[in-house]
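Enquirer: Mind looking at a prediction? Sequence and model below.
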Amino acid sequence: MSDGIPEKKVAAHDPPEEPASPATERSDPETELPPPTFRQALVGYGSIMLGLVLLGLLIGVLMRVLR
């Protein structure tokens with residue numbers, strides 16, 4: 001190409017290899033996390049239930065106010 005336009009060279013870029021996260025890597029049974037205690041499960045599921053109740057209350061109030 002002698003048009004005076006330089007030829008662009010495209011280099012192939014491989015995506016960087018990401019290390020496997022500990023949550024997806026289950027090869028060693030020794031590295032698994034123990035199950036949550038009853039208190040941890042109660043707090044976790046309780047906070048989800050409380051959030052859903054509050055969301056329902058908010059939707060109910062908005063429906064009554066914006067009627």
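Expert: Cool, the structure landed.
Enquirer: can you give me the helices for the protein?
Expert: 38-65 (DSSP state H).
Enquirer: Starting from residue 60, give me the distance back to residue 53.
Expert: 11 Å (CB to CB, to the nearest Å). In this view, the C-beta of every residue, glycine as well, is placed from N, C-alpha and C.
Enquirer: no no, residue 7
Expert: Distance from residue 7 to residue 60, by CB to CB: 66 Å.
Enquirer: quick one, which of those two is more surrounded?
Expert: The neighbour comparison of residue 7 against residue 60 (other CB atoms under 10 Å) goes to residue 60, with 10 against 6.
Enquirer: what's near enough to touch that one?
Expert: Applying CB atoms under 8 Å, 6 or more residues apart in numbering to residue 60 gives no contacts.
Enquirer: Do you know the pLDDT at it?
Expert: pLDDT recorded at residue 60 is 97.
Enquirer: burial of residue 46, as a residue count?
Expert: Neighbours around residue 46, by other CB under 10 Å: 10.
Enquirer: Need the per-residue pLDDT for it.
Expert: Confidence score, pLDDT, at residue 46: 97.
Enquirer: next one: stretch 52-67 to chain centre, how far?
Expert: Stretch 52-67 has its C-alpha centroid displaced from the chain centroid by 27 Å (CA atoms, centre = their mean, to the nearest Å).
Enquirer: what about residue 8, how many residues close to it?
Expert: 5.
Enquirer: Hmm, I typed the wrong one, I wanted residue 51.
Expert: Residues near residue 51, counting by other CB under 10 Å: 10.
Enquirer: ok, it - contacts?
Expert: Contacts of residue 51 by CB under 8 Å, 6+ apart: none found.
Enquirer: before we move on, what about residue 33?
Expert: Residue 33 neighbours (CB under 8 Å, 6+ apart): none.
Enquirer: Tell me the spacing between it and residue 40.
Expert: 11 Å.
Enquirer: before we move on, what about residue 48?
Expert: 13 Å.
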